[in-house]
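Visitor: predicted model and sequence follow; I will ask about them next.
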Amino acid sequence: MNITHLTFAAALLAGSFLPLAPAVLAKDTGPSGTATNSSSSIDTAALKVTADKVAALPNVGGIGVGVIRNGKLVHTLYAGEAAPGEPVTGKHWFNTASVAKTLIAETVLRLVERGAMDLDDPIGEHFRHPHLTDDPRYDLLTPRIILSHQTTLRNWPNNYDNGRLAFLGQPGDGQISYSGAGIEILMRYLEERFGRSYPELVEAELLAPLAITGVSVGRSEAVESNITRGINKDGEWQDPFRRSQGGSIIDREDYSAADNMYATIPGYAALLSAIIVNKGLSTELAAERQRLLSSGSERDMGYDCPPDISFCPESFGYGLGWAIFEHEGQRILNHGGNDFAEHAQVYFDTKSGNGMVLFMTGGNVFPHGLEIISAVDPDIPLVRFYSALIALMRASQGG
């Protein structure tokens, strides 16, 4: 589920911001707690105060944070519990929800880099979705259009009255239609084209070449050994691998390119660091990743700044698998994930190489996650926009 929809943001207003601690500048510390060099200082004291306060909330379980400076992990922090009575540590795996979509984006880029495919190859030559195969617009689908959420499909089949996917416009029209189902079509296309399962492709094309451990497409023995348990908005602990409130349990064989990717903080931070420095990509393809391809929407709420908002980025939308926020020369690439019992945010500044990995268990915790980010990077356009959006919605509700 994508966090940029206005309707979703409105549902988050049951939470409240926590006051930030006064700034007390401290040296950056690495995962072991030793001092490291970075391009800018981190207020580790304010970060710890904020994370501890958030972790004490009844609808929050555990928190993991990895702060990246100049493309390197320089500080980690853990707060709260992975399960009742079990403190969160760097060994714990989090369900990162829709952050899973970054894996397929980066895998596709590396397949393109080695000449195995092109961003504009037609999807229909290798995979036909049964709901859409007879619609001539299906032949317009390409990896570029799908990764930039221009399919004109709704998020999932259950978002249609009849439970069947259908195009709502002309794919590639430049407007955002955020769609997990579209990402799943791309996943099946990759499997059919290359004759390997999606987890095998991610491992072979992305994780193994970058020597990344601590990131898993789906459930595995390693994940099971140290999984964080979700906790819902009412503070009720959930069984590990629970798909939804009252829903089924995710099996090992049940994987997705759009949801339920598992990672540790050190694991995903290592991947994000490699992405930041464009490891394994040419200069040209790395630049293509940063290009804004879709923005605004007549179909989906949340992709245009509402009237009277106090801050709006100069531009925001989607590139190749990443949301992009641009303002006054700063470009932030971001992806969020949010399900009923977990929340995640990952982002980086394309110029400075600074970024963060934030994983949480909890229900309706987006505003609290934003507070944690604000303790480190309060001035990035992503934080300024969402803070302004939530403030506007609270004001409209008299809060």
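Guide: Alright, I've got the coordinates. Numbers count the residues shown, from 1 in each chain.
Visitor: tell me which residue lies farthest from the centre of this structure.
Guide: residue 134 (32.4 Å; CA atoms, centre = their mean).
Visitor: in terms of pLDDT, where does that one sit?
Guide: Note for residue 134: predicted pLDDT of 97.
Visitor: first-to-last residue distance for stretch 239-258?
Guide: In stretch 239-258, first residue to last residue: 21 Å (CA to CA, to the nearest Å).
Visitor: show me what counts as buried in it.
Guide: Residues 240, 241, 242, 243, 250, 255, 256, 257, 258 are the ones in stretch 239-258 that count as buried (16 or more other CB atoms under 10 Å). All C-beta spots, glycine's among them, are computed from the backbone N, C-alpha and C.
Visitor: I'd like those residues written out as JSON lines, with pLDDT added.
Guide: Listed next are the buried residues of stretch 239-258 as JSON lines, based on pLDDT from 0 to 100:
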{"residue": "240", "pLDDT": "95"}
{"residue": "241", "pLDDT": "97"}
{"residue": "242", "pLDDT": "96"}
{"residue": "243", "pLDDT": "95"}
{"residue": "250", "pLDDT": "97"}
{"residue": "255", "pLDDT": "97"}
{"residue": "256", "pLDDT": "98"}
{"residue": "257", "pLDDT": "98"}
{"residue": "258", "pLDDT": "98"}
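Visitor: so where is the chain shaky, pLDDT-wise?
Guide: Filtered on pLDDT under 70, the chain yields the residue ranges 1-40, 399.
Visitor: quick one: the strands in it, in order.
Guide: Secondary structure of the chain (DSSP state E): strands at 60-69, 72-83, 86-87, 94-95, 215-216, 262-263, 315-318, 323-327, 330-339, 342-349, 355-362.
Visitor: in its sheet, which strands sit next to the fourth one, and in what direction?
Guide: Each strand that pairs with strand 94-95, with its direction, by DSSP bridges: strand 262-263 (antiparallel).
Visitor: would you point out the most distant pair within the buried residues of stretch 239-258?
Guide: 240 and 257 (21.4 Å; CB to CB).
Visitor: out of the strands of the chain, which one sits most buried?
Guide: Of those, the one with the most neighbours on average (mean count of other CB atoms under 10 Å) is strand 94-95, at a mean of 31.
Visitor: gap between that one and the chain center?
Guide: 12 Å (CA atoms, centre = their mean, to the nearest Å).
Visitor: also stretch 158-172?
Guide: Taking mean C-alpha positions (CA atoms, centre = their mean), stretch 158-172 and its chain are 23 Å apart.
Visitor: any chance you could map the helices in the stretch 51-200 of the chain?
Guide: 101-113, 143-147, 180-194, 198-202 (DSSP state H, counting those that start in this stretch).
Visitor: I misspoke; the intended subject was the stretch 201-350 of the chain.
Guide: 221-225, 265-276, 283-289.
Visitor: quick one, what contacts the closest residue in space to residue 324 that isn't next to it in sequence?
Guide: Nearest residue to residue 324, sequence neighbours excluded (CB to CB, 6 or more residues apart in numbering): residue 292, at 5.1 Å. The neighbourhood of residue 292, defined by CB atoms under 8 Å, 6 or more residues apart in numbering, consists of 315, 317, 318, 319, 324, 326.
Visitor: if we can go back for a sec, quick one, which of the helices of the stretch 201-350 of the chain gets closest to residue 99.
Guide: helix 265-276 (7.7 Å).
Visitor: and the closest one, what's buried?
Guide: So, applying 16+ other CB under 10 Å, buried residues of helix 265-276: 265, 266, 267, 268, 269, 270, 271, 272, 273, 274, 275, 276.
Visitor: Throw the strands of the chain into JSON lines and include distance to residue 184, thanks.
Guide: As requested, those are exported to JSON lines (distance: least, CB to CB, whole Å):
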{"stretch": "strand 60-69", "distance to residue 184": "27"}
{"stretch": "strand 72-83", "distance to residue 184": "29"}
{"stretch": "strand 86-87", "distance to residue 184": "33"}
{"stretch": "strand 94-95", "distance to residue 184": "17"}
{"stretch": "strand 215-216", "distance to residue 184": "18"}
{"stretch": "strand 262-263", "distance to residue 184": "18"}
{"stretch": "strand 315-318", "distance to residue 184": "17"}
{"stretch": "strand 323-327", "distance to residue 184": "19"}
{"stretch": "strand 330-339", "distance to residue 184": "16"}
{"stretch": "strand 342-349", "distance to residue 184": "19"}
{"stretch": "strand 355-362", "distance to residue 184": "23"}
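Visitor: nearest to residue 54, of those?
Guide: The nearest among the strands of the chain, by CB to CB, is strand 60-69 at 5.7 Å.
Visitor: quick one: the closest one to strand 72-83, angle?
Guide: Between strand 60-69 and strand 72-83, the angle comes out at 170 degrees (axes from the mean of the first three to the mean of the last three CA atoms, to 10 degrees).
Visitor: sheet-wise, list the partners of strand 60-69 with their directions.
Guide: strand 72-83 (antiparallel), strand 355-362 (antiparallel).
Visitor: residue 179 contacts residue 148, correct?
Guide: No. With contact defined as CB atoms under 8 Å, residue 179 does not count as touching residue 148 (10.8 Å).
Visitor: neighbour count: those two, which is higher?
Guide: residue 148 (27 against 23; other CB atoms under 10 Å).
Visitor: how about the backbone phi and psi for that one?
Guide: When quoted as degrees, to the nearest 10, the phi and psi of residue 148 stand at phi -100, psi 10.
Visitor: ok, it to residue 379 distance?
Guide: Distance from residue 148 to residue 379, counting by CB to CB, to the nearest Å: 27 Å.
Visitor: report the contact partners of residue 226.
Guide: Residue 226 neighbours (CB under 8 Å, 6+ apart): 82, 91, 92, 93, 264.
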